[in-house]
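J.: requesting a structural model of the entry that follows:
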Amino acid sequence: MASLRAEPCEAPTVRAQRLHRTLQDAISEEEGAAAELERAEAVLRRAAARAKASRTALAERLDELASRPLTVTVLEKTLIGVTVNALRKHATPAIAAKSERLVRGWKTLALADRVLDEVRDEDGRVERRRAHPDSLEDALALREAREAERMWEERMGGGGSGGGGGGGGGGRGDGRDEAARRAAAERLRERYRSIEEAKRSREIVVEGGPARPGKQPRTAAGGRPNLVQHKRAAGGGGPLAA
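T.: Numbers count the residues shown, from 1 in each chain. Coordinates of the predicted model:
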């Protein structure tokens, strides 16, 4: 009978101990979750700081690109325009706007580069003839002009190299190098002039000659025919409409 009387007194103690253990487990779980959240927030703060710094660096690179004049040749060789063009859809509005301005400027530069020749008419107005996208002759003329420009840049860029060694014979060596550079420059200028003359000769239409099938007369940028008149290459004949 004594054991039966003790059971009602021990049952609440056992239940309390069981609740105490579950309470301790809950406290431990909450403390662990709070610590994990704090660590995650710290990681997030560091990631946000890195993202902000990287966006700032990206914007600075775009500003640096905007401050550097790039030629069409450089744009074509590096394909940097393709990379910047993808940034026009960037999630950061400032980066997207900078990229948009750069791409627009380069497109304008590319259009200007397609000018085959620029001359003045009899009234002093400037006439520009741009390369037609479907014209094989215009494409060849542009390719020749760019090749001549590339050769010129390479020659002129490499002309200033060379150290100061050689001792006392350096003066005569420098003189020979300078003469060679001048001769090479003159050859390149002559080559460029011949390309320009070849481009202009393609525009001469023989007076009274039959029209070439499928060939439409080119006009200047404003839509008016080029008013510059070319004389016959031989015989000193009358002027021909370009």
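J.: now the phi/psi pair for residue 69, please.
T.: In terms of degrees, to the nearest 10, the main-chain angles of residue 69 are phi -70, psi 120.
J.: count the neighbours of it for me.
T.: Residue 69 has 7 neighbouring residues, counting by other C-beta atoms under 10 Å. Every residue, glycine included, has its C-beta placed from N, CA and C.
J.: ok, now residue 36?
T.: Neighbours around residue 36, by other C-beta under 10 Å: 10.
J.: now residue 84
T.: 20.
J.: hmm, it is touching residue 66, no?
T.: No - with contacts counted by C-beta atoms under 8 Å, residue 84 stays clear of residue 66, the gap being 10.1 Å.
J.: enumerate every residue touching residue 88.
T.: 96, 99-100, 103 (C-beta atoms under 8 Å, 6 or more residues apart in numbering).
J.: need those in a markdown table with pLDDT, distance to residue 57 and secondary structure, can you?
T.: Shown next, in a markdown table, are these (pLDDT from 0 to 100; distance: C-beta to C-beta, whole Å; DSSP: H, G, I helix; E, B strand; the rest coil):
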| residue | pLDDT | distance to residue 57 | secondary structure |
| --- | --- | --- | --- |
| 96 | 94 | 16 | helix |
| 99 | 94 | 15 | helix |
| 100 | 94 | 19 | helix |
| 103 | 92 | 20 | helix |
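J.: and these, which is closest to residue 49?
T.: Nearest to residue 49 among the contacts of residue 88, counting by C-beta to C-beta, is residue 96 at 21.9 Å.
J.: that closest one contacts residue 86, doesn't it?
T.: No - if you go by C-beta under 8 Å, residue 96 and residue 86 don't touch, sitting 10.6 Å apart.
J.: pLDDT of the helix or strand where residue 12 lies, averaged?
T.: Taking DSSP states H and E as the criterion, residue 12 maps to helix 2-67. For helix 2-67, mean pLDDT rounds to 87.
J.: which helix or strand lies directly C-terminal to it?
T.: Downstream of helix 2-67 (by DSSP H and E), the next one is helix 72-78.
J.: buried stuff in that following helix?
T.: Buried residues in helix 72-78, counted by 16 or more other C-beta atoms under 10 Å: 72, 75.
J.: export it to CSV, keeping only CA atoms.
T.: Output in CSV follows, covering the C-alpha atoms of helix 72-78 (Å, rounded to 0.1, in the frame of the first residue of the first chain):
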residue,chain,number,x,y,z
VAL,A,72,36.5,51.2,-85.7
THR,A,73,39.5,48.9,-86.3
VAL,A,74,40.1,48.5,-82.6
LEU,A,75,36.4,47.8,-82.0
GLU,A,76,36.4,45.1,-84.7
LYS,A,77,39.5,43.4,-83.4
THR,A,78,38.7,43.4,-79.7
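J.: elements contacting it?
T.: helix 93-113, helix 136-158 (3 or more C-beta pairs under 8 Å, 6 or more residues apart in numbering; DSSP states H and E).
J.: if we use 7 Å, what do you get?
T.: Counting contacts by 3 or more C-beta pairs under 7 Å, 6 or more residues apart in numbering; DSSP states H and E, helix 72-78 packs against helix 93-113.
J.: hmm, who's touching the helix it packs on?
T.: Helix 93-113 has contacts (C-beta atoms under 7 Å, 6 or more residues apart in numbering) with 55, 58-59, 62, 65-66, 72, 75, 81, 84-85, 87-90.
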